[in-house]
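Undergrad: Prediction below, plus the sequence it came from.
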Amino acid sequence: MSEDFYLEQTKEMILSVASRCRKCNYCYGVCPLYQSTRGFQVQGPSGILQAMAYAIKWDLIDGKNGNDLREIMYSCTTCNSCTLRCKASCTGIPVLDAIEKGRALLIEEMIGPVTEQKKVLESLALKGNSYDMPSQKRLDWLKDLQEERGIRVRLLPDGQPVDVLLYVGCTAAYNEDVKDIARAMIAILRASGMDYGVLKEEKCCGSPARRIGEEGLFEEMSDYMAERVNAVKPRRIVTLSPHCYNTFVNEYPELSAGVKIQHYTQFLEDLIGEGRLEIPEKLGQTVTYHDPCYLSKKNSVTREPREVLKCLLEEDHFVEMAHNGSDSLCCGGGGGRIFWDPEETNRLSETRIREAMAVGADMLVTVCPWCRIELEDAVKTLDVEDKVQVMDMAVLISEAMGADAF
Ligand code: SF4
Ligand code: SF4
């Protein structure tokens, strides 16, 4: 496809979606971005859409308007609430798809993304991860398991078939604060007796590139990863991040048909149901669950994490927050925002922590490395570390398994 044709198609798509918007503004009521600022400085969903459409119509994508447009388009967390709301209450236009196309257009016009995200794109292109880390260090999270505990994990492909391919993702592989999620999954896989392995040459699935709007880079990265996964031929892929899960499920047509793709909570539910995983210690705390948008609002995965969590808790120790399931509140880290910090009157992650405390939870469990980073940070900035704790579900399970974990 020629570049001109691609640009024309992108513009037409945005204009077509914007023309079907009835400007009823129902979507504003669910947009975390709009709520975080109460309309100060940034727009809500249909406002973002119309800003982009008018910029196309009146030829305003230029140096003069670029800064404003960039700020408007990149503030969105891509939580998908607007699309769900529009479908439920009005015309059902794909608001988020059009916003993401708008970002792709800004990249083509050299106006997007924000500076911090430019560095992420460079790192993805050169090093295969979003954190500017050497690719040779991607498997360091496994080192102490191998060196201190003598645990051997299959590095794939190794010429043999495998049941579970554990796709770790950049954040759990490189970020010291959340590497324990990857290690916890190894403990669970070992305890369950599953045949599993990790990729020798894992790279980012490409999700940050697509969310930021760098379509060409996304295609390069997804081609690379699909080729690696297809060479392994696993029966299923289990991801630690809801973002990788969403990408593999919805954005990887190149993956061989028949491979089952699961977020780790879906896999855990299977293990428990098959009697492969027993959780001996039950938690006595009052616990609530934070739905990551890329599970709940993008892929309707809300039941499985709750089922697993209930197996971990003493009876009646689970409480729901006011916003839950597909009506959950966003932590603020999606859509490439984990890499920069847009100004907000009310930080989204802090609002979520307040909501957890309001229902009396002393533990907030999540199943996304980015949500955990955002929410743990909010607990510190709100100075409520002694009141509410943020935990990852896989880590909780491996802790409950105690000495049997490895
Ligand atoms: S709910 Fe849909 S139709 Fe109404 S303003 Fe939002 S995007 Fe437009
Ligand atoms: S995706 Fe979420 S943050 Fe972005 S405009 Fe829609 S509701 Fe607002």
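TA: Received it, and whenever you're ready, just let me know what you need. Residues are numbered from 1 along each chain as shown. Ligands and ions are numbered 1, 2, ... in the order given.
Undergrad: Find the least confident helix or strand in the protein, judged by mean pLDDT.
TA: Least confident element among the helices and strands of the chain, by mean pLDDT, DSSP states H and E: helix 32-37 (a mean of 83).
Undergrad: mind checking pLDDT for the residue sitting furthest away from the middle of the chain?
TA: For the chain, the residue at maximal distance from the C-alpha centroid (C-alpha atoms, centre = their mean) is residue 58, at 34.6 Å. Note for residue 58: predicted pLDDT of 94.
Undergrad: ok, it to ligand 2 distance?
TA: Distance of residue 58 to ligand 2, given as C-beta to the nearest ligand atom, to the nearest Å: 22 Å. No exception for glycine: its C-beta is placed from N, CA and C like everyone else's.
Undergrad: Dump the least confident helix or strand of the chain to PDB, restricted to CA.
TA: What follows is helix 32-37, C-alpha atoms only, in PDB (Å, rounded to 0.1, in the frame of the first residue of the first chain):
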ATOM      1  CA  PRO A  32     -11.400   8.600  33.100                       C
ATOM      2  CA  LEU A  33      -9.400  11.300  31.400                       C
ATOM      3  CA  TYR A  34     -12.300  13.700  31.400                       C
ATOM      4  CA  GLN A  35     -13.100  12.900  35.000                       C
ATOM      5  CA  SER A  36      -9.500  13.200  36.100                       C
ATOM      6  CA  THR A  37      -9.400  16.800  35.000                       C
END
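Undergrad: Just give the closest residue to whichever residue of the stretch 151-300 of the chain sits closest to ligand 2, not the sequence neighbours.
TA: Nearest residue of the stretch 151-300 of the chain to ligand 2, counting by C-beta to the nearest ligand atom: residue 293, 7.7 Å away. Closest residue to residue 293 apart from its sequence neighbours, by C-beta to C-beta, 6 or more residues apart in numbering: residue 79 at 4.1 Å.
Undergrad: surely the one you found meets residue 296?
TA: No - applying C-beta atoms under 8 Å, one finds residue 79 not in contact with residue 296, separated by 9.4 Å.
Undergrad: Looking at those two, which has the bigger crowd around it?
TA: Set side by side, residue 79 and residue 296 show more neighbours around residue 79, with 27 against 23, by other C-beta atoms under 10 Å.
Undergrad: Pull the contacting residues for the residue nearest to residue 394 when sequence neighbours are not counted.
TA: Counting by C-beta to C-beta, 6+ apart, residue 394 lies nearest to residue 184, which is 4.2 Å off, once chain neighbours are set aside. By C-beta atoms under 8 Å, 6 or more residues apart in numbering, the residues touching residue 184 are 392, 394, 395, 397, 398, 399, 405.
Undergrad: Remind me which helix or strand residue 184 belongs to.
TA: Applying DSSP states H and E as the criterion places residue 184 in helix 179-192.
Undergrad: what's the following helix or strand after that helix?
TA: Taking DSSP H and E, what comes next after helix 179-192 is strand 196-199.
Undergrad: Off-centre distance for the helix or strand that comes right after that next one?
TA: Later in the chain than strand 196-199, the nearest helix or strand by DSSP H and E is helix 207-212. What separates the centre of helix 207-212 from the centre of its chain is 11 Å, taken as C-alpha atoms, centre = their mean, to the nearest Å.
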